[in-house]
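following is a predicted model, sequence given first.
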Amino acid sequence: MSPKNKRSNLVERSSGIVHVPAPVQCIARRSADYQLPIWQFDYIQSLNSKYTGEECVTRISKVMEDVKVMLEVANPLAQVDHIDMLQRLGISYHFEHEIKGILKGLHRRLVHNHTLRKNNLYATALEFRLLREHGFCVEQVSHALELPLHWRMRRLEARWFIDVYEKKPHMNSVILELAKLDFNMVQSMHQEDLKYASTWWKDSGLGEELKFC
């Protein structure tokens with residue numbers, strides 16, 4: 001190769017190495033245009049509930065005593081049905097001691113008789129599920145009778161089931177009243193927590209610094 005051609009190749013290679021691309025044009029980012037939520041400080045602080053007073057607490061205590069009596073005097077099938085309703089309505093935590101005692105008695109009868117109810121599929125499935133949920137050992141042969149429940153958020157499930165239970169033909173008005181009172185009272189407690197958190201957020205000044213929060 002002649003010296004001229006060598007120089008030509010070197011120039012081509014060099015130009016390929018030192019080539020500087022044209023500057024990339026900056027693209028302006030579009031604003032997300034977030035809409036302001038309705039949960040502003042003034043709105044949150046204006047929230048009030050009639051379920052935080054002493055009158056509501058007294059009424060709940062009275063209804064709870066009525067439900068306890070109902071659990072004690074009911075027949076075994078009615079007892080497990082009440083327990084199921086209390087759980088699905090989100091108020092079983094008020095009666096943990098009573099429920100545990102009822103299920104212990106049910107489990108003792110099961111151990112002695114070596115069987116669940118043979119003449120009532122609903123009762124068999126309900127008793128089996130409640131016993132398993134509360135940690136009692138039940139024969140796996142009965143597993144096919146278990147009625148599966150979807151995993152859901154308990155409070156949302158309770159709110160949905162209150163409406164369902166209210167329409168049942170044999171609805172228990174005492175249990176329904178307690179479910180409504182308890183749900184509204186818990187909601188009012190969450191409102192108070194929200195007010196406190198909102199006040200802290202405003203006083204901290206973080207909202208002015210973090211525009212998208």
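Done, it's in.

low-confidence bits of the chain, can you list those?
For the chain, residues meeting the criterion pLDDT under 70 lie at 1-34, 110-152, 211-213.

C-terminal to the longest helix along the chain, what's the next element?
Secondary structure of the chain per DSSP state H: the longest helix is helix 173-204. Using DSSP states H and E, the helix or strand that follows helix 173-204 towards the C-terminus is helix 206-209.

which strands and helices lie in contact with the longest helix of the chain?
When contacts are defined as 3 or more Cβ pairs under 8 Å, 6 or more residues apart in numbering; DSSP states H and E, helix 173-204 packs onto helix 41-45, helix 54-73, helix 76-88, helix 154-166. C-beta coordinates here come from the backbone N, C-alpha and C atoms, glycine included.

which one of the ones you listed lies nearest to residue 187?
helix 154-166 (8.6 Å; Cβ to Cβ).

and the closest one, what's buried?
Going by neighbour count (16 or more other Cβ atoms under 10 Å), the buried part of helix 154-166 is 157-158, 161-162, 165.

and those, which is closest to residue 66?
For the buried residues of helix 154-166, the nearest to residue 66 is residue 165 (16.7 Å; Cβ to Cβ).

isn't that closest one up against residue 176?
Yes - using Cβ atoms under 8 Å, residue 165 makes contact with residue 176 at a distance of 6.1 Å.

most tightly packed of the helices and strands packed on helix 173-204?
Ranked by average neighbour count under the criterion mean count of other Cβ atoms under 10 Å, the helices and strands packed on helix 173-204 are headed by helix 76-88 at a mean of 19.
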